[in-house]
Structure formats: structure tokens, C-alpha cells
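K.L.:
need a structure here:
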Amino acid sequence: MTMMNEARARFDGSDKTVLMLRPRSDFVETDTTREVIVRALAYLKTGLPVHFRGPAGTGKTNLALHVAAQLQRPVMLIVGDEALTTTDMVGDSNGYRYRKVVDRFIHSVTKYEEDAVQRWVDSRLTSACREGFTLVYDEFTRSRPETNNVLLNVLEERMLILPTGTRQDNYIKVHPDFRAIFTSNSQEYAGVHQVQDALSDRMVSIDLDYYDRDTEVAITAARSGLDHVAAARIVDVVRDFRETRDYDQVPTLRASIMIARVTVQQEIYPSIQNGRFVSICLDILGSKSEFTNEGREQRARRQKLILSLLERHCG
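P.N.:
Numbering: from 1, shown residues only. Down below sits the predicted model:
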């Protein structure tokens, strides 16, 4: 994903990047994607947060950013991480602000007053709530549930509770234009936490699955520059390989885009007669299998399977 090709970034001096997104020129809208976009925007415009949930390779992040661009508001991006804390989300005190007053009202008497006040620095969530930005929280289930608890009042009561003792105000009211879009991988378990019911109950989850053939062909062609006929050959190989379930990792749309991009870069045509193209397919699709000494025969069998699919669609 090349966000910065379609975005202008503003650095505001406090370690936060606000994205001014425009719809991507290579984003493919078919009946399938358009229907999801319309549903998501309907929920967002009423103030409801939207959660795109689906396996890897279903375009959740691209879809979230594209939908956010339709709202025509600055976008604050957060990526879920095990090490993310509430402080990282909300902000914290950073240093002190000093004030010194010198009173010379009586010329023969000099009076000094000094005090120091902790300086508060907003972080991403606080800035989004205060300014009415669109929050895109990518892979939010990778963050610990206790970190995400701060979102409960934001999404329901439209208030952001701030740490006590660090600010004069203990909370801020969420800006009316604030919107939130979440993404998560529903099939991955490593490094992923279960969503607490209180949080999932506050959002509308839209389940995404692998796209239909026409949509995958259109996306592959748009992201690689390959013509639709050639892109269809590659997509058909990958889709048929996916249907066999003879792999350790699901070959997604990303595999089609990878093959197509290398094919364009190498200036070759997707054909079984082109040894370089065959090698590209074997490398990319073969990487979906684990490498073990015990699996040599299995890898050889899968290579024959991939070659048979190439013969069928690229012969």
C-alpha cells in the first residue's frame, strides 16, 4: 500500500502524522466493493464506528483508508501493537512549563514568583477526538484489551477520559465530526487478542471475504499495470490453487498482485512456455508451504500441482 502517493502528510510537531487522504486513483470499485463502501458510509455518517473484519489479503486496510477519504476529514492512523499503551493512545505529561514573575511595583522592593506546571501533550486518539478527525485503527486486536478500554467512553458517551492529576480537565468532549474505522484479522491467532464484548458491542462489524473473480482480476490489473486478459490468467491460477487447500498459508489476492508486478517489471507474458514466468509462480506460490526436510516430497507434489494449473490457464 502506497498511502503517501495519495496523501499529504502534516507533521504537527508532537510525533503525530495527520493524513489528508484523497481516494486512491488505482482503487477498484466493482459492485462488490461499492456495496461495502455504501454500507460503511451509511453507518459512519450516523456516528457509528465501523469494523472491517476478515482474513489476510481481503483488502481491509485499503478499504478502511478509502472509506475514510470519502468523509473528507483529516485521518489519524493507529496500528495495533502488543506494546501499545493507553498513554500512547491518549497522551501524557512531557516536561514542565516554567513561569517567573518579577514585581517591581515599589522601586526599593523586588518580589519574585516562580512556578512550574507540567506540560501535557496530546497523542493520536486525543487529537482525533478533540479536532474531529477520522480515526483508522488498523489491526486493533493486536493491542491489549486494557489499552483499548479507553475507547469505550469515546464510542458510547462521546467523552475521552484523561488520566487524573495530569491535566486541569479530566475529560474532553468528542468532536461531532469524529468517526472511527477499525480493522482486524478474524482468522489469525498469533499476537492477536480477543475483542472484549463491551467494545465489539459499540461498533458495526462488516465481514469481508475473498473477492469474486472479476474483482480480483480488476484489482490485479490496476495494481500491476498488466492488461485484464493477462491478469485473468494469473488470478485463475492463484484462485484454483486456493481452492485445492493444498498449502500451509492461504494464497490471497496479494499473490496475484506480486506475480503480476514482477511479470510487468520483467516484461514477460504469463505463459507456461516462459521459464521465467513459471519460476516466478513457483517461487511466490511455493512460499505458501512450510520448508522442512520432512516436506520435500510434499513440496515436489505441490510444484507439480502448480505446474498443472499453469498448463490449464497459461498454456
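K.L.:
Check for me that residue 297 belongs to a strand.
P.N.:
No - using DSSP: H, G, I helix; E, B strand; the rest coil, the assignment for residue 297 is helix, not a strand.
K.L.:
So what's the residue count around it?
P.N.:
8 (other Cβ atoms under 10 Å). For glycine as for every other residue, the C-beta is placed from the backbone atoms N, C-alpha and C.
K.L.:
What residues does it make contact with?
P.N.:
By Cβ atoms under 8 Å, 6 or more residues apart in numbering, residue 297 lies in contact with nothing.
K.L.:
swap in residue 211?
P.N.:
30, 32-33, 58-59, 219, 253.
K.L.:
7 Å - rerun?
P.N.:
32, 253 (Cβ atoms under 7 Å, 6 or more residues apart in numbering).
K.L.:
tell me the phi and psi of it?
P.N.:
Per-residue torsions, residue 211: phi -70, psi 160 (degrees, to the nearest 10).
K.L.:
start the count at 781, not 1, going forward
P.N.:
Fine by me, first position is 781 from now on; the one you just mentioned is residue 991.
K.L.:
how about the helices of the stretch 781-930 of the chain, start to end?
P.N.:
Using DSSP state H, counting those that start in this stretch, the helices assigned to the stretch 781-930 of the chain run over residues 811-825, 840-850, 866-870, 904-911, 925-928.
K.L.:
So which of those is nearest residue 1067?
P.N.:
With Cβ to Cβ, the closest approach to residue 1067 among the helices of the stretch 781-930 of the chain belongs to helix 840-850: 21.3 Å.
K.L.:
Flag the shaky bits of this structure, pLDDT-wise.
P.N.:
781-797, 873-900, 944-949, 969-970, 1068-1075 (pLDDT under 70).
K.L.:
Sketch out the strands for it, chain order is fine.
P.N.:
787-791, 797-801, 830-833, 855-859, 871-883, 891-902, 914-918, 939-941, 951-953, 959-964, 984-987 (DSSP state E).
K.L.:
And stretch 933-943, what's buried?
P.N.:
934-935, 940-942 (16 or more other Cβ atoms under 10 Å).
K.L.:
Would you check which pair of these lies furthest apart?
P.N.:
For these, the farthest-apart pair by Cβ to Cβ is 935 and 942; their separation is 16.3 Å.
K.L.:
related to what we said a few turns ago, now distance to residue 1008 and mean neighbour count too, for the helices of the stretch 781-930 of the chain, in TSV please.
P.N.:
Output for the helices of the stretch 781-930 of the chain, formatted as TSV (distance: least, Cβ to Cβ, whole Å; neighbours: other Cβ atoms under 10 Å):
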stretch	distance to residue 1008	mean neighbour count
helix 811-825	16	15
helix 840-850	20	22
helix 866-870	43	19
helix 904-911	39	22
helix 925-928	42	17
